[in-house]
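# have a look at this prediction, sequence included:
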Amino acid sequence: MNNFELELQRTKKLVEQRLKRFFATEKTTTKRIAPFLSELLGRVEEFTLRGSSKRLRACLVYIGYQAVRSRPPRALDDVAAAIELIHSHLLIHDDIIDDDEWRRGGMTVHAYFEKYRRQKFAREETKRFGIAQAILAGDISCSLAGLIIAGSQLLPVQKVMALERINRILLETDYGQALDVFQGAKESIRIEEALLMYRYKTAKYSFEAPLQLGASIAGATPAQLSVLSRYSIAAGQAFQIQDDILGVFGTRKQIGKPVDSDIREGKKTVLFIEALKRLPAGERTWLRNHYGKSHIPASQVWAIRHLFEKSGARDYCQKKSKYYLTLANRAVQSSRQISAKSAILLLQLSNYLATRSS
């Protein structure tokens, strides 16, 4: 186990302990208002603390701080916990948009509350109830992120900086989500359009924001933030392309949801776009006609996987992911702006991303 994996393990334990304490405190408030609110908050807690989450974004907060200073303060635990609450907020709403029923090996929040209404009230329109409660659960998670930072031991100027950065994360990720929905409605998109969406929907909030958040609290210079940004955007692109591959060729155990969901939802991934470019006319037409059909049989899902493989699109995506990781590594290898410890951790993170299976 290398230093990055040890740091990830340490972060997971630290942040989950902090989140449990925070949820326990907040539950005392909801119990005084109404029993159902405790159930709703409990669902946010359960979703946030599901064991399959690796706490990568929280870990990057600490690595970002250590890029500038050593020995992160205890108050940084609150910032790392806030990033995980923001992550829950975004995932809960993303699952509503994609109409997914599984995430992190369990039910999505809207699917849970659909089942909840059927069991409690035995009435129709359970889907609307589930979506409404999930929207609110996501909003609650976002509000909790702001509260945990506001109540932290950070200096006032650091709190303002952290809250401003979190709002920037939310805004930029919403831009990326809007692009995803818009591009999904188009007949076809170019790879450059998909990569722009990846930059805003994934790379910025999963890599750039937590790294820069930790570094900013440590008093980073513009030059240090620039290094972290160059690493982040490239690593984030590689992460999302690898996610596209896992979403088609992985297993349910690896990704925590059905492996045919991207195919059935018709996700305009780089994998799909590149396959269309490479396939002959007849197979290209067949792929267009069957990709994105929610009720296609398993045999056709396997046929689509075969076309991704046969066309060379999977191989292209693997090479593209490696290319972006090479760019990410160059950003930190050639820099004297960030600490040697942080640079090593980021290089080890790149290797982790290159070989990850979940």
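Noted; the coordinates are in hand.

# distance of Glu84 from Gly236?
17 Å (C-beta to C-beta, to the nearest Å). The C-beta positions use only the backbone N, C-alpha and C, and glycine is treated the same way.

# for the helix or strand bottoming out on mean pLDDT in the chain, buried residues please.
Least confident element among the helices and strands of the chain, by mean pLDDT, DSSP states H and E: helix 252-255 (a mean of 73). Across helix 252-255, burial judged by 16 or more other C-beta atoms under 10 Å covers Ile255.

# so what does the helix or strand following it touch, helix or strand wise?
The first helix or strand that comes after helix 252-255 along the chain, using DSSP states H and E, is helix 261-265. Under the contact definition 3 or more C-beta pairs under 8 Å, 6 or more residues apart in numbering; DSSP states H and E, helix 261-265 sits against helix 222-249, helix 298-310.

# highest average neighbour count across those helices?
Neighbour counts (mean count of other C-beta atoms under 10 Å) averaged over each of the helices and strands packed on helix 261-265 peak at helix 222-249, with a mean of 21.

# same for that helix, what does it pack against?
When contacts are defined as 3+ C-beta pairs under 8 Å, 6+ apart, helix 222-249 packs onto helix 191-198, helix 209-217, helix 252-255, helix 261-265, helix 270-278, helix 298-310, helix 313-333, helix 340-355.

# quick one: the helices in the stretch 51-200 of the chain?
56-66, 76-98, 109-121, 126-150, 156-185, 191-198 (DSSP state H, counting those that start in this stretch).

# need those helices in a markdown table (columns: mean neighbour count).
Formatted as a markdown table, the helices of the stretch 51-200 of the chain follow (neighbours: other C-beta atoms under 10 Å):
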| stretch | mean neighbour count |
| --- | --- |
| helix 56-66 | 26 |
| helix 76-98 | 24 |
| helix 109-121 | 18 |
| helix 126-150 | 19 |
| helix 156-185 | 16 |
| helix 191-198 | 18 |
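
# ok, now which ones touch Leu56?
With contact set as C-beta atoms under 8 Å, 6 or more residues apart in numbering, Leu56 has these partners: 8, 206.

# and it, what's its pLDDT?
As predicted, Leu56 sits at a pLDDT of 96.

# now swap in Pro258 and tell me
If you check Pro258, the pLDDT there is 76.

# mind checking how far the residue nearest to it when sequence neighbours are not counted is from Phe121?
Excluding the flanking residues, the one nearest Pro258 by C-beta to C-beta, 6 or more residues apart in numbering is Arg252, at 6.0 Å. Going from Arg252 to Phe121 by C-beta to C-beta gives 31 Å.

# so the residue nearest to Pro258 sits against Ser261, correct?
No - Arg252 lies out of contact with Ser261 (C-beta atoms under 8 Å); the separation is 9.7 Å.

# how far away is the spatially closest residue to Ile217 that is not a sequence neighbour from Gly214?
Leaving out its chain neighbours, the residue that sits closest to Ile217 by C-beta to C-beta, 6+ apart is Gln158, at 5.2 Å. Distance from Gln158 to Gly214, counting by C-beta to C-beta: 11 Å.

# cool, Glu187 as well?
42 Å.

# mind checking which of these two has more residues around it?
Using other C-beta atoms under 10 Å as the criterion, Glu187 and Gly214 rank with Gly214 on top: 30 against 6.

# I figured the more buried one hits Ala58, correct?
No - at 9.7 Å, Gly214 and Ala58 do not qualify as touching, with contact defined as C-beta under 8 Å.

# ok, Tyr112 touching Arg43?
Yes - with contacts counted by C-beta under 8 Å, Tyr112 reaches Arg43, the gap being 6.2 Å.

# report pLDDT for the residue of the chain most remote from its centre.
No residue in the chain sits farther from the centre than Gly282, which is 35.9 Å out by C-alpha atoms, centre = their mean. In this model, Gly282 is scored at 94, pLDDT.

# before we move on, what about Arg356?
According to the prediction, Arg356 has pLDDT 80.

# how many other residues sit next to it?
14.

# so what's it closest to, chain neighbours aside?
Leaving aside its chain neighbours, Arg356 sits nearest to Gln242 (6.7 Å; criterion: C-beta to C-beta, 6+ apart).

# coming back round to it: take the helices and strands packed on helix 261-265 and lay them out in JSON lines including distance to Ser350 and mean pLDDT.
Converted to JSON lines, the helices and strands packed on helix 261-265 look like this (distance: least, C-beta to C-beta, whole Å; pLDDT from 0 to 100):
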{"stretch": "helix 222-249", "distance to Ser350": "6", "mean pLDDT": "95"}
{"stretch": "helix 298-310", "distance to Ser350": "25", "mean pLDDT": "92"}
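
# can I get these in CSV with distance to Glu192?
Shown next, in CSV, are the helices and strands packed on helix 261-265 (distance: least, C-beta to C-beta, whole Å):
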stretch, distance to Glu192
helix 222-249, 12
helix 298-310, 20
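
# of those, which is nearest Gln333?
helix 222-249 (9.9 Å; C-beta to C-beta).

# for the chain, which spans come out with low pLDDT?
Filtered on pLDDT under 70, the chain yields the residue ranges 122-124, 358.
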